[in-house]
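In: take a look and give me a structure for this.
(one chain, ligands or ions: 1)
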Amino acid sequence: MKKDKKNSYSDYKNRSYSGSDASIFSNQRFEDLINSTDDWFWEIDKHGRYTFASHQVFHILGYKPEEVLGLTPFDLMPRSQAQRLKKTFEPIFSVQQPFRLLQNYNLHKDGHMVCLETSGNPFYDHDKKFMGYRGIDRDITARKKIEKANEDLLLALDQMAEAALVVATDLKIIYVNKAFYELLGYTPEQIIGEPLSLLNPPEEIDDKKVEFTTSVLNEDGSWEGEVYRRKATGELICVYLKATATRDEDGNLTGYIGTYFDLSDIIQANKNLENTLNQTVHAISSTLAKRDPYTFGHQNHVAVIAMGIAKKLNKSEDFIKGLLLGATIHDIGKVNIPTEILNKSGVLNEYEFGLIKDHVISGFDIVNDLSFPWPIAEMVLQHHERYNGSGYPHGRMNGEIILEAKIIGIADTVQAMASHRPYRPALDPQLAIDEIKKNREVLYDPEVSDAFLDLVDSDSGHQLLTAYTSSA
Ligand SMILES: [Fe+2]
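Out: Here you go, the predicted model:
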């Protein structure tokens, strides 16, 4: 190939060049320089016609050098482009100004479009008479495609409803879209060129930092999840972040793109829903309180003990929220039991005990139509089920009973035993603790039993048991 190039150049040197100063092209150094680049060197005369074309024109436009001699640069362009560039170029040419990096589109011999970046200098003979231009054309088609792709990408990012940012490999922010400015309130001066960490929340609430860093920066190259980000005002907002590492064609890391979906409205809607649910539960619970104050107090105290157990089990805040609601209305079905049976001081007969047992099913029916984000109706239904299947209403066994119901079941037993009942005075709380110890892994889930026993072993747990049992 290289030999062909040299032949082509030599052809030009011997046959095609008839220009102003042949001696410069006889210089081996100059020839070596021309051959060291992919750029196309050319010369045009004072009429704008090629008098020299280096061999690179073949690789750039598909023409042999001799094929372009005598043509003007505009002959190689699409007509509309040629007309426009002639207007640009004529004033430059008329006053013989140099020009730099003039971008123009040309047609390759096979018909495809090639973008060139052209620079040229006027040259003169010994009498300082203008002879034409000498210059260089660089094929920037690939670069333009990348620029166009980047422009398209930025345009697409700008039109996105979600906030987006582009981060360089040094983790400095190099681009943010309109939605980003709108969501976080930074001006371009405040954010472009700044480290990504500017957006991070304080360390103590940045619980996703390690996970994010490991996934995006080190391993998978992508991560998504809920995070907090800092607005220009300093306020923190919760967003759903999707982050992806970007790579070039060779797989080299070029940076990161992240999008933020604002979760504020969803969080507010959830809070509103939670408030509504709390109010609903409170309303249901108050209804019961008017006719059965004992059960009202019992439910609230069971809820506090259940929460203590759940914390010992390291359950999430969300789990505990649901558990509290469920425990607060776990006996709601007792609204359907006549008060004379509820308050009966003697032993219940079989029929009466059957009515009492039905409270879990009528409670389930009351709650089941409400859309809670937690299994509240199941908590109500299952809180008298027991580990060995001896409970009611369905005789479910260990794995068939939800954890919340197992927790409420233990809290319920303990609270009821250690509290005053119409048919007996409050028992010593230690008896309630012994009941759980004795029936651990029989009636009660061993793990939940251990959490309860752990709870009452601590000073605060013991105080909690005392406060929420016999005083009820
Ligand atoms: Fe109950």
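In: and the residue lying closest to residue 409 once chain neighbours are set aside, how many neighbours?
Out: What sits nearest to residue 409 in space, not counting adjacent residues and going by Cβ to Cβ, 6 or more residues apart in numbering, is residue 383, at 5.1 Å. (Glycine included, C-beta is placed from N, CA and C.) When counting by other Cβ atoms under 10 Å, one arrives at 29 neighbours for residue 383.
In: low-confidence ranges in this structure?
Out: Within the chain, the ranges that satisfy pLDDT under 70 run 1-26, 204-220, 460-462, 466-472.
In: got the residue ranges for the helices in the stretch 1-150 of the chain?
Out: 2-11, 28-35, 56-61, 65-68, 79-94, 141-159 (DSSP state H, counting those that start in this stretch).
In: no wait, the stretch 301-450 of the chain
Out: With helices called from DSSP H, counting those that start in this stretch, the stretch 301-450 of the chain shows them at 317-328, 339-342, 350-357, 359-368, 376-382, 403-417, 429-438, 446-457.
In: adding distance to residue 36 and mean neighbour count, write those out as CSV.
Out: Shown next, in CSV, are the helices of the stretch 301-450 of the chain (distance: least, Cβ to Cβ, whole Å; neighbours: other Cβ atoms under 10 Å):
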stretch, distance to residue 36, mean neighbour count
helix 317-328, 67, 20
helix 339-342, 101, 13
helix 350-357, 96, 13
helix 359-368, 82, 20
helix 376-382, 79, 25
helix 403-417, 75, 25
helix 429-438, 88, 16
helix 446-457, 76, 19
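In: out of these, which gets nearest to residue 100?
Out: For residue 100, the closest of the helices of the stretch 301-450 of the chain is helix 317-328, at 63.8 Å, according to Cβ to Cβ.
In: I'd say residue 445 and residue 406 touch.
Out: Yes: using Cβ atoms under 8 Å, residue 445 is in contact with residue 406, at 4.5 Å.
In: give me the common contacts of the two.
Out: Taking Cβ atoms under 8 Å, 6 or more residues apart in numbering as the criterion, residue 445 and residue 406 both touch residue 387.
In: ok so, going back, got CSV for the helices of the stretch 1-150 of the chain, with distance to residue 271 and mean neighbour count too?
Out: Listed next are these as CSV, based on distance: least, Cβ to Cβ, whole Å; neighbours: other Cβ under 10 Å:
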stretch, distance to residue 271, mean neighbour count
helix 2-11, 73, 13
helix 28-35, 72, 12
helix 56-61, 64, 20
helix 65-68, 73, 19
helix 79-94, 60, 13
helix 141-159, 31, 13
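In: wait, which of those helices is closest to residue 182?
Out: Nearest to residue 182, of the helices of the stretch 1-150 of the chain and by Cβ to Cβ, is helix 141-159 at 11.4 Å.
In: which secondary structure elements does the closest one sit against?
Out: Counting contacts by 3 or more Cβ pairs under 8 Å, 6 or more residues apart in numbering; DSSP states H and E, helix 141-159 packs against strand 113-124.
In: thanks a lot, see you next time.
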